[in-house]
Structure formats: structure tokens, C-alpha cells
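>>> Can you look at this prediction? I've put the sequence above it.
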Number of protein chains: 2
Amino acid sequence: MKYRLLAPGPTPVPDRVLLSMSKHIIHHRTAAFEKIFAECKDGLKWLLSSTSAPLTLASSGTGAFEAAVQNFFSKGDTVLCIGGGKFGENWLKMSRCFGLNAVDIPVTWGHAVEINAVKNALLKHPDCKGVIIVASETSTGVRHPYEKIGELLKDRPQCLFVVDGITAMGVWDIAPDREHIDILVSGSQKGMMLPPGLAFIWASEKAWEQQSHANLPRFYFDLAKERKAQDKNQTAYTPAVSLIMGLHEALCMMKEEGKENIFKRHDRLARATRAAMTALGLKLFAQSPSESITSVYTPEGLPDDSIYKSLMKMGNFTIAGGQDALKGKIFRIGHMGYVDDIDIIGVLGSLEIILKKLGYEKFRLGASLEASAAILQEGFASKN
Amino acid sequence: MKYRLLAPGPTPVPDRVLLSMSKHIIHHRTAAFEKIFAECKDGLKWLLSSTSAPLTLASSGTGAFEAAVQNFFSKGDTVLCIGGGKFGENWLKMSRCFGLNAVDIPVTWGHAVEINAVKNALLKHPDCKGVIIVASETSTGVRHPYEKIGELLKDRPQCLFVVDGITAMGVWDIAPDREHIDILVSGSQKGMMLPPGLAFIWASEKAWEQQSHANLPRFYFDLAKERKAQDKNQTAYTPAVSLIMGLHEALCMMKEEGKENIFKRHDRLARATRAAMTALGLKLFAQSPSESITSVYTPEGLPDDSIYKSLMKMGNFTIAGGQDALKGKIFRIGHMGYVDDIDIIGVLGSLEIILKKLGYEKFRLGASLEASAAILQEGFASKN
């Protein structure tokens, strides 16, 4: 049966990208590789509307988190970590693991952080060296108002604003220069339409200035060494060449679609999915939903994970269930990267059939399709 | 022009592996992925003749070095680092970077370590917690007598034997259980016939016991967490799924060829290449050569890197020049992974033409082909 990947990552990889990765590998210490790498850097700058490119690392996204902590902070530095999900909490754990004085700003899962909570924490910790937030919390489907925190921090020369953009980059117009982000971290397997295995880390000049005297040990993720190499279109250690070939192709596709169209598409799919869930009488989990993921409560009375499992059985879909405390309680539909309007229509129609079969009756067949079509037509209209 | 990759890594990736990586990506939190991952683990056990599988990480080989240092040692631990090349020296730098008391056992580049030097260092540092060696030093083409060091260390319960097997695994019969290795590190882009982006780390029970009380901070490379996940055919963080699909196919190919045949092939190609160089009047650089790489002095009077550059220009070959202090002084031919007898004949014939063209006259045309054919015929004979 056709495989339909609508998870909050990894996301579907376009055939063009798969085929580009199936070309014969080239040695990385060659002019041919350097040309491709230089074009990738240009594409990434374009995507982030920045004059500087992020560094590309051979690791999953968590590796780039580690690089952020190891390179830009010193033992004992106070950092504020904004919670509210598995990934936010991971940053807290990691910061503590490396000896930072990480202060938790707790957030109820499913909610976005209150700006006042951050303001109060900044008053309490005027010496803090960083604020860390997940732009789009993959575990809950929440988009935090990170831009407002960028505004709060922009005039603090000693405090770095670290944004985990793993399910944001390539999804909406996240722009570190404009949004006063100092360190932006991302991965390949979400909005970038690639398999997992590459991570990205962008840093501001303010962050690089801190890097030069930050004292945590680092080697594989030594970003000063990496920056020096990548400035020459090389990498400090052996790069994941095939994934970089894929990145090159994915960026070509993104340029063809156009940034504005990509961001509009994600916004439209997210609104359509949410409208559909409401039309089915289902309750959205995220109070401030991300364009990347829609998270929905499993209806009362239905067995844990029944929707996730039935979609897999019926249509060979992979969506996602809940993580940690949310295990079984929610399901999550990813609509980022190489996902289009018709994929959304397909999953909604399937979901309706499944819900009826599971005995959930609070809707009439077609309700979610009707609600979503009212929004998805924007995309079709723009093609005339 | 056809691309001919005969570098000491990355090495050629077979079409079958490239095509397996161009299949649609599967989500990693699924039974389908777990089945593939379990089969990869079995294949890796088979290859290393061990009852336990190495952990597979999403990083290049240097990431797995870092994992070895972070997980199995504590700040201030004395470790002996055997030098003799760029990679041996990298281990020294890395160990110091993480606060170990790393003692250098210097070795002249091109030579193998003397066992007495290790014995003396052990006498001087009876409390040492580890000895680190590169089995096959990629920068010089030397194979160190690591097995003898395993024998020296096997009865020291407090001292871990760390072997960098990056250009050894899949090349010769490196077997950590039999060879008293405690930590074996490797990467995907050498004998394993894959693109770069995966690393492997195998640890003995003795090493795991140390891991539980080693106190360096670690998060992305937290091997206890990784082991717990991989025991269940999962990974702690998002795995490089497409490369794991490739690993699965590469291991299938290795099983089809048979371990004995793989190891014989590498030994044969190495002997043939060395005999050919001698027949051309060229001087081998490595005193104790590895089966993976043949390193050869650039003949006097020829411009630095002229052989490397001419092979690229004439036949679209990528071999390698020298690194660091050896820049321009040597060239290195890789013959590991997906490289066969006929590839070697091709590069030798091309080399003869190039040498004549560069004005090097110390041989008659055909000399290297004659010398290598005397050895390569073993491989053809075995096919009758």
C-alpha cells in the first residue's frame, strides 16, 4: 500500500531529493563538492533572509542543541529555559547536564509561554546569559511567541536568545536577523524535506563574540573550527555528503515554489486541518497552534492511540501519538515540508471513515472535508 | 567522464546501496524501521564476530570518538594516546579538550608504534585508565599492532583499550571480543561502503561498567541512553534513516560476498598495490602498511601533488594527497570497501601513463601491471 507520512517529522522526502541522493557520492575535498556546498549556503541564507548562512552539521537536531550549549555558554552561566513540552524540557536537561545554571520557566503543556513570565524571570535574573525557547514545540503542536522575546532581549548585550527552530525553519518566515535571534537551531527532516542526519545552527555576531570566550569543552561540535572551514565551503569533519546533495536539491525546489508560497501553504494547511478537527467535534490540544503540526485530543471513550493505529492500518499513514505524559491522550498530524492540500484532504477523509468505524458519532460524514475545503480553496484559487 | 573514487574515504557506494537509500523514507518510530534496525544490528554482530552489536550514531566518525571520551572516562583520568598520524593526534587533542590527563606516546609518522614504548608508558603510569590507538592510521597508511596492545591490557581491570577502527572495520577481521578491545569506534564511509553520516561504537562489558560512573557531561552522545533505546531497536534521538536503509543493504552485500572473501580481497588489493609501487621504483611511506590504504612518496623532482592532480585530470580519479606535514609529499590510494581487482588495474595503468608524462622514467611501461597481476590472479583463480 502507498506509504503516507504525515508525522511531525521525519516528513516526506520528494522523489527529486531522493534521486539526487542516489547519485554517486563525490569526495568532499574537491571543487565539485565545494560548489554544491556554496550553493547550499546561499540557499539557506535566502531561506532565512540573512546575510550569513547557518553552519551545517552531521548530526540530528539534538546534536545542534548540544553545539549551542557547548559553544556559547560557560559553566555556571544562568540561562532561562522555557518549558511546555518534551523538547523545551530537553533543553533544560541538557543545559544542566553541561553545568549551566538553568532556570526553568514552566509552561503547562499545550499552552504558549506568557511574556510576563519571561519578563519576571529576567527581573529575577538580571545577569542571565541566555534565554532558550522552542519556536514550535513538536510534542504539543504549540507555537510560542518567540518574536516577542526577541524584542525583549535585543538590547541586552550579555544575553543570547536561543531559538530551537526545528519545526519552524522552512515552515514559516523565521528570520534570525529581523527577529533578534542570536542562535537558531534546526534539522533536516522537517520543513527542509530531507531525511534526518543534518542539523543547522545559525549564530549572530553577538553570539560569535561570546563563543570566543565561552569555556565549555567541545570538539566534534567546535563551531569556531567549523565556521572557519565552512567559510571556505568545507567542513571541519567529514560531512554527510549524500544528505548535502539532497539539501541542494531541496533548496532548488523551495526556490521554485517561492518562499511566500511555501509559508502560505503551511499556514493554509494548518488552518484547514484545525477547522476540520473542530467540524468533527474534536478538541484541539494546542492553545496557540503551530503551522507545522495539529495536535488533537483523542475523543473520550476511544482507546488510547486508536486513531493513530487505525490510520496506519487503513491507509498506511504514519501520523504521531502523544509523547511522555501525553502518550495515548492526543494524536498529532504533521503538515510541514513536502505536504500539500490534497494530502490533507486524503487524511481527513480517512479520519472520518475511521472515526465512524470506531463508534465516534459526533459528526456527519463530509463535515471535515467541507470545513477544510473552504480554506484549501485559497490554494487552488491562487493557481488560476 | 566516469568518476573513480579511490580515496582513503569516502569510498565508492555500490548502486544497490544508493538505490536502497533512494526508497521513500520510513518513520523511525515504527515496526518497519525496528525490523530493519534489528537486522542491521545482527549484521554488525556478524561482521565483528561479537555477541553484541555496536551502537549506531548519527554523526561522522569524530562524533563517535567524542562519545568514547565523554562516556568512558572522567576528568583527570590518565590515558595514553598513541600518535603517529593526524588521527592519533586528534585523539590526544580531544582527550585534553575534555580534561583528561592525556599522555602522548609519540610515533614517527609512517612508522607503527613500538610495543616497548607502550610497555614503558604503562610502567610509568600504572594508574592509567585507558590506552587509545588508531588501528589503521588513515593519514599515513600505517597499521599499528593493536592486537598486541590488547594482549598487554587484557588483565588490567581498570584500563580500557580504545581502538579507532574507522579504516579497519569491514576491511580486515577486527574482532573486539577476541582482540580484547574495550571500545571500538568506526564510521560508515570506509569499509562499510556507505556515504558518511553514520558512526559506530562498540563497548565491552568492562567498558560499560566504567560508563556507569564516568563523570564527563554528555547528552547527544549519552551512550547509556542510546544503548537502552537500541536494545529495543530504537534510537535515543532521530536516526539518519536513509543511511540506515543503506547500511542494511551494504550488510546484505557483505554477507553475499562472505567475510573471508572480503578480508582476502582487501589483503590482496593492498599487496598488489604495494608490489606495483615498488615495481615502479616508488618508495612506500608506511613501514607497516594497512590493508586499507597505500601511501607512497611523491618521487623527487615531481611537483607536489602532481600525481594526485594528474590522476584527477586524466581519469576523473579521486585519490588523496598528504595531510598536515605530509601535504604534497605523499599520495595515498584507498582500496577499501567497494573496490575490486579491476579498479586497481585501472588506477595502476593510469598511473604509469601519468608518470611517463610527468617525466618520471624509472620504470618500463607495464611494470606495475605485471607485478600486481602476479598477486591479483589469486582473486581470479578463486573464481574457478
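Nice, I can see it.
>>> Around chain B, which positions in the stretch 101-250 of chain A sit nearby?
The stretch 101-250 of chain A has residues A:187, A:189, A:195-197, A:217-220, A:237-243 near chain B, with proximity defined as CB under 8 Å from any CB of the partner chain. (C-beta placed from N, C-alpha, C; glycine too.)
>>> what do you get if the cut-off is 6 Å, keeping everything else the same?
Contact residues, the stretch 101-250 of chain A versus chain B (CB under 6 Å from any CB of the partner chain): A:195, A:196, A:197, A:217, A:219, A:220, A:237, A:238, A:240, A:241, A:242.
>>> just checking, the second one touches residue B:237?
Right, residue A:196. No. Counting by CB atoms under 6 Å, residue B:237 is not a contact partner of residue A:196; they are 8.8 Å apart.
>>> Please identify which helix or strand holds residue A:45.
helix A:31-47 (DSSP states H and E).
>>> nope, residue A:96 is what I meant
Residue-wise, residue A:96 maps onto helix A:86-97 under DSSP H and E.
>>> do that helix and chain B meet?
Yes. For helix A:86-97, a contact with chain B is found by CB under 6 Å from any CB, at A:94, A:97.
>>> Let me know the pLDDT of the one residue in the stretch 1-150 of chain A that gets nearest to chain B.
Chain B sits closest to residue A:22 of the stretch 1-150 of chain A, with a gap of 3.6 Å, by CB to the nearest CB. Per-residue confidence (pLDDT) for residue A:22: 92.
>>> That one touches residue B:20, doesn't it?
No. Residue A:22 is beyond contact range of residue B:20, at 9.0 Å (criterion: CB under 6 Å).
>>> Excluding chain neighbours, give the residue nearest to the residue of the stretch 251-384 of chain A found nearest chain B in space.
Nearest to chain B in the stretch 251-384 of chain A, going by CB to the nearest CB, is residue A:318, at a distance of 4.3 Å. Using CB to CB, 6 or more residues apart in numbering or on different chains and skipping the chain neighbours, the partner closest in space to residue A:318 is residue B:27 (4.3 Å).
>>> who touches the residue sitting nearest the centre point of chain A in this structure?
Most central in chain A under CA atoms, centre = their mean is residue A:167, positioned 1.1 Å from the mean C-alpha point. Each residue near residue A:167 by CB atoms under 6 Å, 6 or more residues apart in numbering or on different chains is listed here: A:136, A:138, A:190, A:292.
>>> Residue ranges of each domain in chain A, please.
A:15-256, A:259-381 (automatic domain parsing).
>>> Please work out which of those domains is packed deepest.
Comparing these by mean neighbour count (mean count of other CB atoms under 10 Å in any protein chain shown), domain A:15-256 ranks first with a mean of 21.
>>> so how far does stretch A:20-29 reach from one end to the other?
19 Å (CA to CA, to the nearest Å).
>>> Please, where are all the helices along chain A?
In chain A, the helices defined using DSSP state H lie at A:15-21, A:31-47, A:61-72, A:86-97, A:115-124, A:146-153, A:205-211, A:223-231, A:241-257, A:259-279, A:306-315, A:341-357, A:367-381.
>>> and the longest one with helix A:31-47, angle?
Between the axes of helix A:259-279 and helix A:31-47, defined by axes from the mean of the first three to the mean of the last three CA atoms, to 10 degrees, the angle is 60 degrees.
>>> orientation of helix A:259-279 relative to helix A:241-257 in degrees?
Here helix A:259-279 runs at an angle of 90 degrees relative to helix A:241-257 (the same axes, to 10 degrees).
>>> Touching helix A:259-279 from outside, list them.
In contact with helix A:259-279 (CB under 6 Å, 6+ apart) are residues A:171-173, A:284, A:291, A:294, A:296, A:333, A:335, A:344, A:348, A:367-368, A:371-372, A:375-376, A:378-379.
>>> do the last one as well
Identification of contacts with helix A:367-381 by CB under 6 Å, 6+ apart yields A:268, A:271, A:272, A:275, A:276, A:279, A:280, A:341, A:348, A:352.
>>> now do 10 Å
A:261, A:264-265, A:267-282, A:340-342, A:344-345, A:347-349, A:351-352, A:355, A:363-364, A:366 (CB atoms under 10 Å, 6 or more residues apart in numbering or on different chains).
>>> which residues does the nearest residue to residue A:95 once chain neighbours are set aside bridge with?
Nearest residue to residue A:95 in three dimensions, chain neighbours excluded: residue A:102, at 3.7 Å (CB to CB, 6+ apart). When bridges are called by DSSP bridges, residue A:102 pairs up with residue A:79.
>>> show me what contacts residue A:102?
Contacts for residue A:102 (CB under 10 Å, 6+ apart) come out as A:69, A:73, A:77-81, A:91-96, A:130, A:132.
>>> with the residues you listed in mind, which one is nearest to residue A:12?
Distance to residue A:12 across those (CB to CB) is lowest for residue A:91, with 27.4 Å.
>>> In this structure that closest one contacts residue A:79, no?
Yes. Counting by CB atoms under 10 Å, residue A:91 does reach residue A:79; the two are 8.7 Å apart.
>>> list residues touching both of these two?
A:69, A:102, A:132, A:162.
>>> Pretty sure the first one sits against residue A:129.
In other words, residue A:69. No. Assessed by CB under 10 Å, residue A:69 is found out of contact with residue A:129, at 11.3 Å.
>>> any residues in contact with both of the two?
Looking at what touches both residue A:69 and residue A:129 (by CB under 10 Å, 6+ apart), the common residues are A:77, A:79, A:100, A:214.
>>> So of these, which two are at opposite extremes in space?
For those, the maximum inter-member distance is 12.0 Å, found between A:79 and A:214 (CB to CB).
>>> Could you tell me which residues touch both of those two?
Shared contacts of residue A:79 and residue A:214 (CB under 10 Å, 6+ apart): A:69, A:72, A:73, A:129, A:160.
>>> Let's have those residues in TSV, adding pLDDT.
Shown next, in TSV, are these (pLDDT from 0 to 100):
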residue	pLDDT
A:69	98
A:72	98
A:73	98
A:129	98
A:160	98
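>>> Next one: residue A:49 from residue A:381, what distance?
27 Å (CB to CB, to the nearest Å).
>>> quick one: contacts for the closest residue to residue A:99 other than its chain neighbours?
Spatial nearest neighbour of residue A:99, chain neighbours left out: residue A:75 (4.2 Å); criterion: CB to CB, 6+ apart. Counting by CB under 10 Å, 6+ apart, residue A:75 makes contact with A:98, A:99, A:100, A:101, A:214, A:215, A:216, A:217, B:217.
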